[in-house]
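Novice: Predicted model follows, preceded by the sequence.
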Amino acid sequence: MANDDNDQPCRRGGCGANSKWSEVTVAVTQVVTTTQATVNWGLKFFADADNMCGVMPGVTVPVGPNSGMAISNAIARTAPSTDTPTRAAIEAGTAYLMSLTDPNPKYILVATDGEPNCPTGCIGNNCGATPNPAEETGSEMAVAAAVAAGIKVFVVGIGNVTSAVDTLNQLAINGGEAQSGGGTSYYAATDEAALETALNQIVGKVASCTLPLPGKPQDPTNVIVEDVPTKTKIPQDPAQGDGWDYTDATQTAIQLYGPACSKVTDGTYSNIEILEGCPGTVIQIGFEAR
């Protein structure tokens with residue numbers, strides 16, 4: 001991950017903003033912070049128990065609402081320096097998600113720049129730096145086990161992953177969320193822009209059209225729902241044809257309907273914001289819907 005997009009070592013002075021790690025930092029931070037209202041994000045690095053292949057139980061940032069800043073800070077404090085214990089990371093991520101008791105659907109997003117290269121049972125400095133066929137098979141089995149537990153897996157290949165195409169394709173297929181219509185079953189991210197696009201596409205597939213509110217609005221008739229990036233105001237539509245309405249009489253959540261919902265699930269809308277006005281105060285939006 002410290003190399004450039006073509007997986008070439010950076011010369012003296014480093015790759016700067018062109019290293020895969022720098023691109024991951026920018027793209028992940030951007031997507032997570034703009035979608036944290038509709039997706040509960042968490043973060044796990046691998047390896048995270050030593051400088052080679054060690055993987056600890058649990059995660060670096062727990063899954064939860066509004067975790068964008070915590071994830072951004074965790075990435076900023078970390079530098080790539082380990083091998084790639086994909087199998088162990090997927091197993092640990094699956095165990096963690098299975099321990100959560102909330103009713104939300106759960107997914108793993110594996111972002112990697114190559115093949116698993118940690119021997120089975122690897123400890124500390126006894127790890128190899130070359131691809132390991134047994135670990136490739138083990139990673140594929142770990143993904144299948146996650147799906148069997150009800151946790152689907154998305155796979156993103158970062159930079160030039162020519163040597164890992166077959167493995168990443170199989171991981172994506174096993175994960176039950178293979179990309180459709182692309183050149184690969186996994187999401188290929190060859191630069192920062194492509195990575196951000198891939199992440200937004202994935203968010204669009206998992207984002208729910210039901211959005212919770214912190215409580216019943218003081219004035220339920222004075223609420224604005226908008227997608228910030230596209231500057232689109234979504235109208236309230238009690239007929240449930242195209243727009244939003246409250247899910248029930250408690251008015252503590254809203255549901256998007258029709259094309260409005262479809263634009264969330266396909267990634268067109270990526271940052272839904274809900275504005276509540278005080279009674280008697282008109283909410284002013286400084287742009288027109290388009």
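Specialist: Happy to help now that I have it.
Novice: alpha carbons only for contacts and neighbour counts from here, please
Specialist: Noted.
Novice: Now do the residue nearest to D219 when sequence neighbours are not counted against P220, distance only.
Specialist: Leaving aside its chain neighbours, D219 sits nearest to P279 (5.3 Å; criterion: CA to CA, 6 or more residues apart in numbering). Distance, P279 to P220, by CA to CA, to the nearest Å: 9 Å.
Novice: Which one of the two is surrounded by more residues?
Specialist: Higher neighbour count among P279 and P220: P220, with 15 against 12, using other CA atoms under 10 Å.
Novice: tell me the pLDDT at the more buried one?
Specialist: On pLDDT, P220 comes in at 91.
Novice: Which residues belonging to stretch 166-179 are considered buried?
Specialist: 166-175, 177-179 (16 or more other CA atoms under 10 Å).
Novice: and what of stretch 263-278?
Specialist: 263-274, 276-277.
Novice: Identify the spatial nearest neighbour of M56, chain neighbours not counted.
Specialist: A49 (5.5 Å).
Novice: got the CA positions of stretch 252-268 in PDB?
Specialist: Taking C-alpha atoms only, stretch 252-268 is exported to PDB below (Å, rounded to 0.1, in the frame of the first residue of the first chain):
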ATOM      1  CA  THR A 252     -39.400   9.200  14.500                       C
ATOM      2  CA  ALA A 253     -38.200   7.900  11.200                       C
ATOM      3  CA  ILE A 254     -38.800   8.700   7.500                       C
ATOM      4  CA  GLN A 255     -39.000   6.400   4.500                       C
ATOM      5  CA  LEU A 256     -38.000   7.200   0.900                       C
ATOM      6  CA  TYR A 257     -40.200   6.000  -1.800                       C
ATOM      7  CA  GLY A 258     -40.000   5.400  -5.600                       C
ATOM      8  CA  PRO A 259     -37.200   7.100  -7.600                       C
ATOM      9  CA  ALA A 260     -36.000   8.800  -4.400                       C
ATOM     10  CA  CYS A 261     -35.300   5.500  -2.800                       C
ATOM     11  CA  SER A 262     -33.800   4.100  -6.000                       C
ATOM     12  CA  LYS A 263     -31.400   7.000  -6.100                       C
ATOM     13  CA  VAL A 264     -30.100   6.100  -2.700                       C
ATOM     14  CA  THR A 265     -29.700   2.400  -3.500                       C
ATOM     15  CA  ASP A 266     -27.900   3.100  -6.800                       C
ATOM     16  CA  GLY A 267     -25.600   5.700  -5.200                       C
ATOM     17  CA  THR A 268     -27.000   8.800  -7.000                       C
END
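Novice: Can you list the low-confidence ranges for the stretch 101-250 of the chain?
Specialist: 119-131 (pLDDT under 70).
Novice: So what does P62 look like in phi/psi?
Specialist: Per-residue torsions, P62: phi -60, psi 150 (degrees, to the nearest 10).
Novice: Tell me, how many residues neighbour it?
Specialist: Neighbours of P62 using other CA under 10 Å come to 17.
Novice: cool, R77 as well?
Specialist: 8.
Novice: Understood, closing this out.
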